[in-house]
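Student: Need the 3D shape of this:
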Amino acid sequence: MADQNAPWTEFRYAVVDVEGNGQRPPDLVELAIVLIDDGEIGEPLTWLVKPPSPITPLARRIHGISNEQVASAPLAAEYASEIGAILEDTIFVAHNAHVDLGVLTRELRGFQPAIVIDTLKLARRRLPGRPSYKLGFLAEELKLTADMPTGSKPHRAAYDALVCARLLAHIADGAELADLLTDAKTTSCEGSTDDAAPTLF
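Tutor: This is a model prediction of the structure:
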């Protein structure tokens, strides 16, 4: 990996979003990964997963994925090697990253990224004064939702991962990786704390 004082575009990122079944802890139902190479945002890669426990009605209302839709989908373990290969040697990025990372480290045995960037923490540090730091709010305010893939919608993994990738590119414009890592570790008191619960399904 290049020196962290290099521009952020010199690194490879895997922007991740997961949807769960609403259980505690949540099991994986849908995963999307958007790769960023040389600062260029790729197309979402998506997987539907059959969870070991049913999708709760609340989770279904949020993301719209039914138990019938995942009834014949592979188990998470069957995707492990494919997903592990994609994530290898990338910087893991997610909004409220501990939620997505918690699900993936449970589902993909042995997976532990070397570097994690949480765009929630990054946004709080680099975009101060916002009334909310929910991904959906930032996406609308920063106009990150133009030309989304047909049929995609908020709270589906592909949509949220792509918006998160655009948010990272917006925030990181002109920055070095070292700056982003420093800011992403900073816990700011600014903004609301309304970001955690909606991502726990």
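Student: the helices in the chain, which residues?
Tutor: 57-63, 67-70, 76-87, 97-107, 119-126, 135-141, 157-172, 177-185 (DSSP state H).
Student: quick one: average confidence on stretch 88-104?
Tutor: Mean per-residue pLDDT for stretch 88-104: 95.
Student: Any buried residues in that stretch, and which?
Tutor: 90-97, 99-101, 103-104 (16 or more other C-beta atoms under 10 Å). All C-beta spots, glycine's among them, are computed from the backbone N, C-alpha and C.
Student: Equivalent analysis for stretch 118-130, please.
Tutor: Asp118, Thr119, Leu120, Lys121, Leu122, Ala123, Arg124, Arg125, Arg126, Leu127, Arg130.
Student: now swap in stretch 149-163 and tell me
Tutor: Ser152, His155, Arg156, Ala157, Ala158, Tyr159, Asp160, Ala161, Leu162, Val163.
Student: Relative to Phe137, how far out is the last one?
Tutor: To Phe137, Val163 is 11 Å away according to C-beta to C-beta, to the nearest Å.
Student: ok, back up a step: from the buried residues of stretch 88-104, pick the one nearest Asn67.
Tutor: Val103 (18.0 Å; C-beta to C-beta).
Student: burial count for the nearest residue to that closest one once chain neighbours are set aside?
Tutor: Using C-beta to C-beta, 6 or more residues apart in numbering and skipping residues adjacent in sequence, the residue nearest Val103 is Val18, 4.8 Å away. A total of 27 residues lie near Val18 under the criterion other C-beta atoms under 10 Å.
Student: now do Arg61
Tutor: 11.
Student: Now do the same for it: its pLDDT.
Tutor: Reading off the model, Arg61 has pLDDT 96.
Student: cool, and Ala2?
Tutor: Taking Ala2 on its own, its pLDDT is 71.
Student: One more: Thr150?
Tutor: On the pLDDT scale, Thr150 gets 89.
Student: What about it? Give its phi and psi, please.
Tutor: Thr150 adopts backbone torsions of phi -60, psi 130, taken as degrees, to the nearest 10.
Student: In the strand of greatest length in the chain, which residues are buried?
Tutor: Of all segments of type strand in the chain, defined using DSSP state E, the longest is strand 28-37. Neighbour-count burial for strand 28-37 flags Leu28, Val29, Glu30, Leu31, Ala32, Ile33, Val34, Leu35, Ile36 (criterion: 16+ other C-beta under 10 Å).
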